[in-house]
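Chemist: Task: produce atomic coordinates for the following.
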Amino acid sequence: MALREILRTDEIGKVAVIESLLLAENITHLIADRNVQAYGGTGLQVRVLIESDDFDKAVEILTEAGFKSEIYPLKTNKTN
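Modeler: Here you go, the predicted model:
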C-alpha cells in the first residue's frame, strides 16, 4: 500500500470532517500525527495520507467539500 500526503492542518476539527468524508466514500487513508498536538502544543500539523489508487478521487471529494486550497500539493495521480 503506497500512501500519498494530501493535506496538512493544525485544525483537529477540520481533520474530523475530512476523515468523515473519506470514510463515507470508502477511501483508504491514514491520519498521521493525530496526537502530536497533545504533546507539543499548537502549531504542529496533522497529515492526511491517501492510498495512491484513491488519490484522484479524494482530491475530487475534498475539492467539492471546499478544501481545495488545503490540498497539499494540488497534483493528480497521473504522470506526464
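
Chemist: Specify the local secondary structure of residue 5.
Modeler: With DSSP: H, G, I helix; E, B strand; the rest coil as the basis, residue 5 sits in strand.

Chemist: Same question for residue 19.
Modeler: Using three-state DSSP, the structure places residue 19 in helix.

Chemist: Check residue 49 too.
Modeler: Per three-state DSSP, residue 49 ends up strand.

Chemist: what about the protein, any weak spots by pLDDT?
Modeler: 37-43, 73-80 (pLDDT under 70).

Chemist: Do a quick rundown of the strands in it.
Modeler: 3-9, 29-32, 46-51 (DSSP state E).

Chemist: Let me know which of those is tucked in deepest.
Modeler: Of those, the one with the most neighbours on average (mean count of other CB atoms under 10 Å) is strand 46-51, at a mean of 21. Just so you know, the C-beta spots here come from the backbone N, C-alpha and C atoms, and that holds for glycine as well.

Chemist: Tell me which strands that one pairs with, and in which orientation.
Modeler: Next to strand 46-51 in the sheet, as set by DSSP bridges, lie strand 3-9 (antiparallel), strand 29-32 (antiparallel).

Chemist: Can you give the contact residues for that strand?
Modeler: 1-10, 12, 15, 18-19, 22, 27-34, 36-37, 58 (CB atoms under 8 Å, 6 or more residues apart in numbering).

Chemist: Tell me where the chain has helices.
Modeler: Along the chain, counting by DSSP state H, helices occupy 12-24, 36-40, 55-64.

Chemist: Pull out the buried positions in the first one.
Modeler: By that I understand helix 12-24. Residues of helix 12-24 classed as buried by neighbour count (16 or more other CB atoms under 10 Å): 15, 18, 21-22.
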